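Enquirer: Need a 3D model of the sequence below.
(2 chains)
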Amino acid sequence: MTHPLHIGFIPLVDAAALIVAVDKGFTTAEGLDVTLVREVSWSNVRDKLNIGLFDAAHLLAPVAIASSLGLGHVKVPIAAPFNLGLNGNAITVSPALHAAIMAEVDGDRFDPMATALALSRVVVARRKCGAEPLTFGMTFPFSTHNYQLRFWMAAGGVDPDEDVRLVVLPPPYMVDSLASGQVDAFCVGAPWNSVAVDLGVGHILHFVSDILVRAAEKVLAVRQDWSEKNPQTVAALIRAAFRAAEYIEQPQNRAEAAHILAQPARIGVDADVIRRTLDGRLKISPDGTMRESNRYLLVGREGAARPEPVQAAWLYAQMLRWGQASFSAEALKTAMAVFRPDLYDAALGREGKTADAPDMIGAFAGPAFDANDISSHLAAFAIGHRKS
Amino acid sequence: MGAESSPKIVIVDESPIRAAILEEGLREAGFTGVVHISEMQSLLTRIYALDPDVILIDLENPSRDVLEQMFQVSRAVRRPIAMFVDQSDSASIQASVDAGVSAYIVDGLKKERIKPILDLCISRFNAFSKLQDELDRTKSALEDRKVIDRAKGILMKLKGLTEDEAYVLLRSTAMREKKKIGEIAQSILTASELLK
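Expert: Now for the predicted structure:
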């Protein structure tokens, strides 16, 4: 056994591989003694990882990059040797906004371009009659949720900084805020979208997989210097998480996985809601309408667990587009180096599968992503707030 | 910054007792401009309206992530706010995380003016945890006593013992089995429930 490890997590379904790795004994089998610590905010997870109270953490991929670049906070280089999930978020809107968008939608309601254009018409109509701008909740300034909402609405001509309000809300407060009218919509991970639908206060408008085919979501994050000092521990963690991801992806194990994740000290919601998320079979309207997608949340299948540097580059490009960072070739290199397929491949003794989308991102709008030419890529988007 | 003598401090805490303990400490130390926010709805709007120099928030509060939004370039922010994380002062960071509190300060407020506020905050948070622990212990001691009284009653009735004899029996059994008296009493209650 190595010395005891403390790993922080936020109670979300995309922590599944980490939680199952520990609770199903895959970490013990690797000779690791892991204590999972449930946290209430990404700021806490980040800070406790930074100062060494946590050896590793379930972390928003953009936070790992922002930490490594010293954006918005102290600079602490982070390594992400394992991707805990691709996709998994959804955009949920209030019944009133849902009705307004559906009245304007021209085309398939699951086509994000059709809904973004409809949103744009709703925004214009509201402005004309002097209504308050719509408010959208997301989880953190450096979050996939922030970028996914922005990417979607900007494609339809809605400027996320001028035409609507984007506010940070802790995931457990999302549903209440939607019910009380504090926000009109939100983008968050599971289980919160389903909770809103089950309570009848929201409709799931989009799975994030409608917007991006492959979107890196949460990573298993360690401090870079710690990973250099403890290469064997890092490799053992990767193997344990990989085995857990493989376990979760087997349909016959889903019931047990959902049961493990549902425990009060873990995610603490109904096992059935977790099961629906893992299966990609979600109730999207309070009237019981179901929608299935085999891309809702990818825990380990299709090479989802291998951290691809192009994903980090795409997230860095979003930070540029929305004025959170200024471009430098060096910063791009640093951002891409956060994702460590080398550590992943070495630990598992194999190459990860290559992705099916040609540019590995597969966004519904704009040109294919090119990490080698971020400036011209971003120039193709009409709306953005790049720093000069 | 506001008045040079006393920076405006906002305490974001859902625990009214802990906030009161902290507020009292700050006032005693001469910090008069202290406002407590216990309601998390529209937190940022309220903070912007108060325009504080220092914000203190407990680490159990999910709304810490809401405060992180203050660092973002936005028209709503009138001046930049930076978190009190000076990498040269890791002892102080460690102490505040251990105590369970985090501080955000307005950029430009001098470090030597922040230090006493943070130190006081850490000591008051620690005092509150101690108080909480004592309260928990007292509560469980009280519950033990109730359980022991009921177990004594059962023993007196079933075995025709006096109260003192019943207690001696409980204590000697606990010693023999290396358990707490409360645990033995609880097993008597459980057994008597089963045998009813």
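Enquirer: Verify the stated contact: B:Ile117 with B:Ile11.
Expert: No - using C-beta atoms under 8 Å, B:Ile117 and B:Ile11 do not qualify as a contacting pair, with a distance of 10.8 Å. All C-beta atoms are positioned from the backbone trio N, CA, C, and that covers glycine.
Enquirer: so what sits against both of these two?
Expert: Both B:Ile117 and B:Ile11 are contacted by B:Leu56, under the criterion C-beta atoms under 8 Å, 6 or more residues apart in numbering or on different chains.
Enquirer: what about whichever residue of the stretch 201-350 of chain A sits closest to chain B, which helix or strand?
Expert: For the stretch 201-350 of chain A, the residue closest to chain B is A:Gly323, as judged by C-beta to the nearest C-beta, at 5.6 Å. Element membership for A:Gly323, per DSSP states H and E: none, as it lies in no helix or strand.
Enquirer: quick one, phi psi at it?
Expert: In terms of degrees, to the nearest 10, the main-chain angles of A:Gly323 are phi 70, psi 20.
Enquirer: ditto for the one 5 residues further on
Expert: Taking degrees, to the nearest 10, you get phi -150, psi 150 for the backbone angles of A:Ser328.
Enquirer: For stretch A:32-52, buried residues please.
Expert: Taking 16 or more other C-beta atoms under 10 Å in any protein chain shown as the neighbour-count basis, stretch A:32-52 is seen to contain the buried residues A:32, A:34, A:36, A:39-51.
Enquirer: SS state for A:Arg214?
Expert: Under the three-state scheme (DSSP: H, G, I helix; E, B strand; the rest coil), A:Arg214 adopts coil.
Enquirer: so who does B:Leu43 touch?
Expert: Applying C-beta under 8 Å, 6+ apart, one finds that B:Leu43 lies in contact with B:Val12, B:Ile37, B:Ser63, B:Val66, B:Leu67.
Enquirer: Among those residues, which are located in strands?
Expert: With strands identified by DSSP state E, the entries of the contacts of B:Leu43 that belong to them are B:Val12, B:Ile37.
Enquirer: surely B:Met70 meets B:Tyr104?
Expert: Yes - with contact defined as C-beta under 8 Å, B:Met70 reaches B:Tyr104; the gap is 7.1 Å.
Enquirer: List the residues that contact the residue nearest to A:Gly323 when sequence neighbours are not counted.
Expert: If you skip the residues right next to it in sequence, A:Gly323 has A:His385 as its closest partner in space, 4.2 Å away by C-beta to C-beta, 6 or more residues apart in numbering or on different chains. With C-beta under 8 Å, 6+ apart as the criterion, the residues that contact A:His385 are A:Asp161, A:Arg321, A:Trp322, A:Gly323.
Enquirer: go with 7 Å
Expert: Listed by C-beta atoms under 7 Å, 6 or more residues apart in numbering or on different chains, the contact partners of A:His385 are A:Asp161, A:Trp322, A:Gly323.
Enquirer: what do you get for A:Met360?
Expert: Counting by C-beta under 7 Å, 6+ apart, A:Met360 has contacts A:Arg214, A:Glu308, A:Val310, A:Gln311.
Enquirer: what's the answer for A:Ile267, then?
Expert: With contacts defined as C-beta under 7 Å, 6+ apart, A:Ile267 is in contact with A:Pro11, A:Leu12, A:Val13, A:Pro191, A:Leu261, A:Ile274.
Enquirer: residues touching the residue nearest to the third one when sequence neighbours are not counted, list them.
Expert: Nearest residue to A:Val13, sequence neighbours excluded (C-beta to C-beta, 6+ apart): A:Ala190, at 3.9 Å. For A:Ala190, the contacting residues are A:Leu12, A:Val13, A:Gly88, A:Thr277, A:Leu297, taking C-beta under 7 Å, 6+ apart as the criterion.
Enquirer: Could you do B:Gln69 as well?
Expert: By C-beta under 7 Å, 6+ apart, the contact list for B:Gln69 reads A:Pro141, A:Val168, B:Leu44.
Enquirer: Among those residues, which ones are in strands?
Expert: Secondary structure assignment (DSSP E) places A:Val168 from the contacts of B:Gln69 within strands.
Enquirer: Can you measure across stretch A:177-186, start residue to end residue?
Expert: Using C-alpha to C-alpha, to the nearest Å, the end-to-end distance of stretch A:177-186 comes to 9 Å.
Enquirer: what residues are up against A:Met39?
Expert: Careful, residue A:39 is Glu; it's not Met. For A:Glu39, the contacting residues are A:Gly8, A:Phe9, A:Ile10, A:Val45, taking C-beta under 7 Å, 6+ apart as the criterion.
Enquirer: Which parts of the chain are strands?
Expert: Reading this off chain A. A:5-9, A:34-38, A:56-60, A:78-83, A:86-87, A:89-93, A:135-138, A:165-168, A:185-189, A:203-207, A:218-223, A:281-283, A:290-292, A:297-298.
Enquirer: nope, chain B
Expert: Going by DSSP E, chain B shows strands at B:9-12, B:34-37, B:54-58, B:81-83, B:101-106.
Enquirer: Just put those in JSON lines and tack on mean pLDDT, mean neighbour count and distance to A:Leu315.
Expert: Conversion of the strands of chain B to JSON lines gives the following (pLDDT from 0 to 100; neighbours: other C-beta atoms under 10 Å in any protein chain shown; distance: least, C-beta to C-beta, whole Å):
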{"stretch": "strand B:9-12", "mean pLDDT": "93", "mean neighbour count": "24", "distance to A:Leu315": "29"}
{"stretch": "strand B:34-37", "mean pLDDT": "94", "mean neighbour count": "18", "distance to A:Leu315": "33"}
{"stretch": "strand B:54-58", "mean pLDDT": "90", "mean neighbour count": "25", "distance to A:Leu315": "27"}
{"stretch": "strand B:81-83", "mean pLDDT": "52", "mean neighbour count": "18", "distance to A:Leu315": "22"}
{"stretch": "strand B:101-106", "mean pLDDT": "81", "mean neighbour count": "23", "distance to A:Leu315": "25"}
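Enquirer: Any chance of those in TSV with distance to chain A as columns?
Expert: What follows is those, written out as TSV (distance: least, C-beta to the nearest C-beta, whole Å):
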stretch	distance to chain A
strand B:9-12	12
strand B:34-37	15
strand B:54-58	9
strand B:81-83	7
strand B:101-106	7
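Enquirer: okay if I get these as JSON lines plus distance to B:Arg113?
Expert: Formatted as JSON lines, the entries for the strands of chain B read as follows, by distance: least, C-beta to C-beta, whole Å:
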{"stretch": "strand B:9-12", "distance to B:Arg113": "11"}
{"stretch": "strand B:34-37", "distance to B:Arg113": "15"}
{"stretch": "strand B:54-58", "distance to B:Arg113": "9"}
{"stretch": "strand B:81-83", "distance to B:Arg113": "14"}
{"stretch": "strand B:101-106", "distance to B:Arg113": "9"}
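Enquirer: Nearest to chain A: which residue in chain B?
Expert: Sorted by distance to chain A under C-beta to the nearest C-beta, the residues of chain B start with B:Pro62, at 3.4 Å.
Enquirer: How much space separates the closest residue to B:Ser63 other than its chain neighbours from B:Tyr167?
Expert: Residue nearest to B:Ser63 in three dimensions, not counting chain neighbours: B:Met40, with 5.0 Å by C-beta to C-beta, 6+ apart. Taken as C-beta to C-beta, to the nearest Å, the spacing of B:Met40 relative to B:Tyr167 amounts to 49 Å.
Enquirer: Double-check B:Met156 against B:Ala166; I have them as touching.
Expert: Yes - B:Met156 lies in contact with B:Ala166 (C-beta atoms under 7 Å); the separation is 5.1 Å.
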